[in-house]
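Peer 1: Curious how this folds, go ahead:
(one chain, ligands or ions: 1)
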Amino acid sequence: MRFQFATIVGMALSGLAAGQTLNIPTRVGSIVSLSAPSVISGSKDMGNREYDRGRACDTDADTGSASAVFILENGATLSNVIIGKNQLEGVHCKGSCTLRNVWFRDVCEDAISALGNGNVLIEGGGAQEAKDKVVQHNGRGTVTIRGFTVVNAGKLYRGCGDCTNNGGPRNVVIQNVRAKGVSELVGINSNFGDTANVSGSCGSSVKKVCQEYKGVQKGQGSSSKVSTTANCKGQTTLPSC
Ligand SMILES: *[C@@H]1O[C@H](CO)[C@@H](O)[C@H](O)[C@H]1NC(C)=O
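Peer 2: All right, here's what the predicted structure looks like:
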């Protein structure tokens, strides 16, 4: 009886713990520390190996693509990979790209930067401990984030607030995302005609699902929150998962 009780308590506690963190797949092999970014074109399935850059996250500044773990060329697909803790910039995408089951163990400056024009699909996978953003969208097009999990983040998605040649429209589609401990799920610049549509998603401790901003050009200060909501479609609150 006593053993059974302990087992039940143990199961309840591990259930709680699982709710706090991301269930990243077990790494295959040992961590691979790349001395330079790995540039991907075409489709690459990394078989759940874990990659980093062997450099601790010691700055919140955007250090550019030289600090990325993977750089995806236009049209590339990266799947089944874990981005380790010791890196600054995660995955940079130069145009249209697909990330499938890409997991971020501990986000530094941001996890995924969509830098070029074209549509980006982020399907499955997840990210945690992003003090700022998980997905940074600087290019133009639609970013779809589907079946992704985010735990402890400033924002899951933000259209660039103050880029050089900033403008839109940028669109973000969020489907079946699980979120926990997120300040803003998405942030869009409604003055550039950006749109967001959040559906099928669930979570807890998500302060705001969609926040509109007034985006600016680089050198003209920073973007500011606005009170309109017309460009935020779909869910405005999330049910618990
Ligand atoms: C938002 O997405 C849902 C689910 O895909 C869809 O049914 C709905 O029409 C979309 N809303 C807009 C305004 O695009």
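Peer 1: Please count neighbours and contacts with C-alpha atoms only from this point.
Peer 2: OK.
Peer 1: What residues does Thr228 make contact with?
Peer 2: Glu212 (Cα atoms under 8 Å, 6 or more residues apart in numbering).
Peer 1: actually Ile83, not the one I typed
Peer 2: Contact partners of Ile83, counting by Cα under 8 Å, 6+ apart, are Glu50, Tyr51, Asp52, Val69, Gly90, Val102, Trp103, Phe104, Arg105.
Peer 1: Leu238 now?
Peer 2: Contacts for Leu238 (Cα under 8 Å, 6+ apart) come out as Ser201, Cys202, Gly203, Ser204, Val206, Val209.
Peer 1: okay, those residues in JSON lines with secondary structure, neighbour count and pLDDT next?
Peer 2: Shown next, in JSON lines, are these (DSSP: H, G, I helix; E, B strand; the rest coil; neighbours: other Cα atoms under 10 Å; pLDDT from 0 to 100):
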{"residue": "Ser201", "secondary structure": "coil", "neighbour count": "21", "pLDDT": "98"}
{"residue": "Cys202", "secondary structure": "strand", "neighbour count": "19", "pLDDT": "97"}
{"residue": "Gly203", "secondary structure": "strand", "neighbour count": "19", "pLDDT": "97"}
{"residue": "Ser204", "secondary structure": "strand", "neighbour count": "16", "pLDDT": "96"}
{"residue": "Val206", "secondary structure": "strand", "neighbour count": "21", "pLDDT": "97"}
{"residue": "Val209", "secondary structure": "strand", "neighbour count": "21", "pLDDT": "98"}
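Peer 1: Around the ligand, pick out the residues from this protein.
Peer 2: The interface of the chain toward the ligand, taken as Cα under 6 Å from any ligand atom, is made up of Asn197, Ser199, Lys233, Gly234.
Peer 1: Skipping adjacent residues, who's closest to the third one in space?
Peer 2: Of all residues not flanking Lys233 in the chain, Asn197 sits nearest, at 4.5 Å (Cα to Cα, 6 or more residues apart in numbering).
Peer 1: okay but that neighbour is in contact with Ala230, surely?
Peer 2: No. In this structure Asn197 lies outside contact range of Ala230 using Cα atoms under 8 Å: 11.0 Å.
Peer 1: More neighbours: the two, which one.
Peer 2: Asn197 (18 against 10; other Cα atoms under 10 Å).
Peer 1: Now do the same for the more buried one: its pLDDT.
Peer 2: What the model reports as pLDDT for Asn197 is 98.
Peer 1: Can you give the contact residues for the helix or strand hosting it?
Peer 2: Using DSSP states H and E, Asn197 maps to strand 195-199. Strand 195-199 has contacts (Cα under 8 Å, 6+ apart) with 169-176, 186, 188, 209-210, 231-236.
Peer 1: ok, the closest residue to the ligand within the chain to Gln175 distance?
Peer 2: At 4.9 Å from the ligand, Asn197 is the closest residue in the chain, using Cα to the nearest ligand atom. Distance of Asn197 to Gln175, given as Cα to Cα, to the nearest Å: 8 Å.
Peer 1: Restrict stretch 78-88 to CA atoms and write it as CSV.
Peer 2: Output in CSV follows, covering the C-alpha atoms of stretch 78-88 (Å, rounded to 0.1, in the frame of the first residue of the first chain):
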residue,chain,number,x,y,z
LEU,A,78,14.9,21.4,-41.7
SER,A,79,13.4,18.6,-39.7
ASN,A,80,13.9,16.5,-36.5
VAL,A,81,16.6,18.4,-34.7
ILE,A,82,17.3,19.9,-31.3
ILE,A,83,19.0,23.3,-31.0
GLY,A,84,21.2,23.2,-27.8
LYS,A,85,21.7,25.8,-25.1
ASN,A,86,25.1,27.1,-26.2
GLN,A,87,24.3,29.3,-29.1
LEU,A,88,23.0,32.8,-29.8
